[in-house]
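Trainee: Would you be able to build a 3D model of this:
(chains A, B, C and D)
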Protein chains: 2
Amino acid sequence: MSTAEETAGAEAQPWGEVTPDAARRLLLAAVEAFAERGYHATTTRDIAGRAGMSPAALYIHYKTKEELLHRISRIGHEKALDILRTAARAEGSPTRRLAEAVSSFVRWHAGGRTTARVVQYELDSLGPDARAEIIALRRLVDAEVRGIIEEGVRSGEFDVPDVRGTTLAVLSLCIDVARWFNVNGSRTPEEVGALYADLVLRMVGAERTDAARAE
Amino acid sequence: MSTAEETAGAEAQPWGEVTPDAARRLLLAAVEAFAERGYHATTTRDIAGRAGMSPAALYIHYKTKEELLHRISRIGHEKALDILRTAARAEGSPTRRLAEAVSSFVRWHAGGRTTARVVQYELDSLGPDARAEIIALRRLVDAEVRGIIEEGVRSGEFDVPDVRGTTLAVLSLCIDVARWFNVNGSRTPEEVGALYADLVLRMVGAERTDAARAE
DNA sequence: GGCAAGGGTGAGCGATCGCTTAGGAGCGGT
DNA sequence: ACCGCTCCTAAGCGATCGCTCACCCTTGCC
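Mentor: Numbers count the residues shown, from 1 in each chain, chains lettered A, B, ... in the order given. Model (predicted):
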């Protein structure tokens, strides 16, 4: 039954670090199921079935169903943070770095929508300890974007009266891509990324040269 | 029992139109529970308990648990559409009407976050028929905002290369307020509405006079 | 071969789910 | 009093949930 390639192509391999092969297949199955139906509506039998295993096999690699969500959420947030850090600490003006940060962040949410949906929208299905850990990661994500904006304000490139509020809005805009993307395939992740980068530069009052717009 | 028949004009209470009193209490309890835990994680016993009734009482007024969600979602979307229509069809320039539309839409999502969360994020817990009905309402919401933007482009007030994409982004920005608002009470719905109206005017390239920015 | 160890399965446990059924309290009309 | 009607509850049905347990199969090392 197993086809050679399932859900191939657009999605990168962020799960390469999950070491036992069966554990990775279970995790990938859980990501699909959680994204389709939501955490609470997904059964452990469904996850195991997608991975081609019996329901009991899940509990060899994971203590509970919640541990699966926790692992997915942590790895996903680390990946998102890594994407933003790469863009934020690159060479170039704040304008260019903000455009690249938004563009790549949006591409990740659109292209890896399956993963991003779970990561961004199933947060409060976690227990208190796990949720606190994830929230700490989110604060780092916020700080990264805010840093670029503050730098642009200092250099005079940006005109932003409310830095914290604008940061929140920029992140909110990017994250929500995971909710609506792919309802119809009329836009590619790259197109949405370019559009959103332009919109965000407008939001911060930056000069949008063709170089920055073309990305 | 109802002394007065409330016609469609009652704006103060969103659930005023739910006619049997017990049915309204159940609906309100369901909104709270769905917003806190999500649809699938909420039990019918929990809903009935919050309304001070036995689990069976729910099925006197609603056929299934899903019907509760359907009713909440439809009423909520109609309210959201009404808010946007009021702003879109008011007097004034596209700039002013867009600012008012965003501002009031955001205020609704922030102030009525409990309701808005259910309305905006539990959509695909509905069955196919109910979901199709809600999606139709969403298209009307989208058309309302797009209409203002198109008008602003025609009049030369706005500079928007991608009207459909920008409309999507504006709505996405507003809707996502329901996800993050109230995590800390440092901002009032009015403040967020004003901030977002300003950000959206920037996104469409409008002249932001103090008159449009204020209020 | 012997044999421990770890990855896997079939069956099922206790709990809980959405929902149903049988019945009753209150109440106005006649 | 009796009826019919609305609103509600106690009890519980069948199904399904997360998770466990007893056991099996493969693998590598001696």
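Trainee: Sketch out the low-pLDDT regions of chain A for me.
Mentor: A:1-13, A:210-215 (pLDDT under 70).
Trainee: Near chain B, which residues of it are found?
Mentor: Contact residues, chain A versus chain B (C-beta under 8 Å from any C-beta of the partner chain): A:38, A:40-41, A:121, A:125, A:161-162, A:165-166, A:168-169, A:172-173, A:175-177, A:179-180, A:187, A:192, A:195-196, A:198-199, A:202-203, A:205. In short, each C-beta sits where N, CA and C put it, glycine included.
Trainee: and with 7 Å instead?
Mentor: Along chain A, the residues adjacent to chain B under the rule C-beta under 7 Å from any C-beta of the partner chain are A:38, A:40-41, A:162, A:165-166, A:168-169, A:172-173, A:175-176, A:180, A:195-196, A:199, A:202-203, A:205.
Trainee: Helices - which of those residues land there?
Mentor: A:165-166, A:168-169, A:172-173, A:175, A:180, A:195-196, A:199, A:202-203 (DSSP state H).
Trainee: which of the residues of chain A next to chain B count as buried?
Mentor: Among the residues of chain A next to chain B, those scoring as buried are A:38, A:40-41, A:165-166, A:168-169, A:172-173, A:175-176, A:180, A:195-196, A:199, A:202-203, A:205 (criterion: 16 or more other C-beta atoms under 10 Å in any protein chain shown).
Trainee: Which positions in chain A make contact with DNA strand C?
Mentor: A:20, A:22, A:48, A:52-57, A:60-61 (C-beta under 7 Å from any atom of the strand).
Trainee: Serialize the ones in helices among the residues of chain A next to chain B to JSON lines and add fields for distance to A:Asp82.
Mentor: Output for those, formatted as JSON lines (distance: C-beta to C-beta, whole Å):
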{"residue": "A:Gly165", "distance to A:Asp82": "26"}
{"residue": "A:Thr166", "distance to A:Asp82": "23"}
{"residue": "A:Leu168", "distance to A:Asp82": "21"}
{"residue": "A:Ala169", "distance to A:Asp82": "23"}
{"residue": "A:Ser172", "distance to A:Asp82": "20"}
{"residue": "A:Leu173", "distance to A:Asp82": "20"}
{"residue": "A:Ile175", "distance to A:Asp82": "16"}
{"residue": "A:Trp180", "distance to A:Asp82": "24"}
{"residue": "A:Leu195", "distance to A:Asp82": "23"}
{"residue": "A:Tyr196", "distance to A:Asp82": "19"}
{"residue": "A:Leu199", "distance to A:Asp82": "24"}
{"residue": "A:Arg202", "distance to A:Asp82": "27"}
{"residue": "A:Met203", "distance to A:Asp82": "24"}
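Trainee: Helices of chain A, start to end?
Mentor: A:21-37, A:44-50, A:58-61, A:65-88, A:94-111, A:113-121, A:128-155, A:163-175, A:177-180, A:189-203, A:210-214.
Trainee: tell me which strands and helices the fourth one is in contact with?
Mentor: If you count contacts as 3 or more C-beta pairs under 7 Å, 6 or more residues apart in numbering or on different chains; DSSP states H and E, helix A:65-88 packs onto helix A:21-37, helix A:94-111, helix A:113-121, helix A:128-155.
Trainee: does DNA strand D sit close to it?
Mentor: Yes - contact of helix A:65-88 with DNA strand D (C-beta under 7 Å from any atom of the strand) involves A:65-66.
Trainee: The helices of chain A: which one's closest to B:Arg138?
Mentor: Ranking the helices of chain A by proximity to B:Arg138 (C-beta to C-beta) places helix A:177-180 first, at 9.9 Å.
Trainee: Pull the distance from that closest one to the chain's centre.
Mentor: Distance, stretch centre to chain centre, for helix A:177-180: 10 Å (C-alpha atoms, centre = their mean, to the nearest Å).
Trainee: So which residues lie in contact with it, not counting its own?
Mentor: By C-beta atoms under 7 Å, 6 or more residues apart in numbering or on different chains, the residues outside helix A:177-180 that reach it are A:106, A:109-110, A:113, A:116-117, A:120, A:192, B:168, B:172.
Trainee: so which of those residues comes closest to DNA strand C?
Mentor: A:Arg117 (22.6 Å; C-beta to the nearest atom of the strand).
Trainee: Hmm, A:Arg37 and that closest one touching each other?
Mentor: No - counting by C-beta atoms under 7 Å, A:Arg117 stays clear of A:Arg37, with 10.9 Å between them.
Trainee: of those two, who's got more company?
Mentor: A:Arg117 (21 against 15; other C-beta atoms under 10 Å in any protein chain shown).
Trainee: gap between that one and B:Val18?
Mentor: Separation of A:Arg117 from B:Val18 (C-beta to C-beta, to the nearest Å): 32 Å.
Trainee: Contact residues of chain A facing DNA strand D?
Mentor: Listed as neighbours of DNA strand D in chain A under the rule C-beta under 7 Å from any atom of the strand: A:42-45, A:55-56, A:59, A:63-66.
Trainee: which of those are buried?
Mentor: A:42, A:44, A:65.
Trainee: any chance of the residues you listed in a markdown table, with distance to A:Ala87 too?
Mentor: Output for those, formatted as a markdown table (distance: C-beta to C-beta, whole Å):
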| residue | distance to A:Ala87 |
| --- | --- |
| A:Thr42 | 33 |
| A:Thr44 | 38 |
| A:Lys65 | 34 |
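Trainee: Show me which of those is closest to B:Leu81.
Mentor: A:Thr42 (32.0 Å).
Trainee: isn't A:Gln120 right up against A:Asp176?
Mentor: No - contact criterion C-beta under 7 Å: A:Gln120 and A:Asp176 do not qualify, at 8.4 Å.
Trainee: Mark out where each domain of chain A begins and ends.
Mentor: Chain A resolves into domains spanning A:18-62, A:66-214 when parsed by automatic domain parsing.
Trainee: To B:Gly147, which of those lies closest?
Mentor: Closest among the domains of chain A, using C-beta to C-beta: domain A:66-214, at 19.3 Å.
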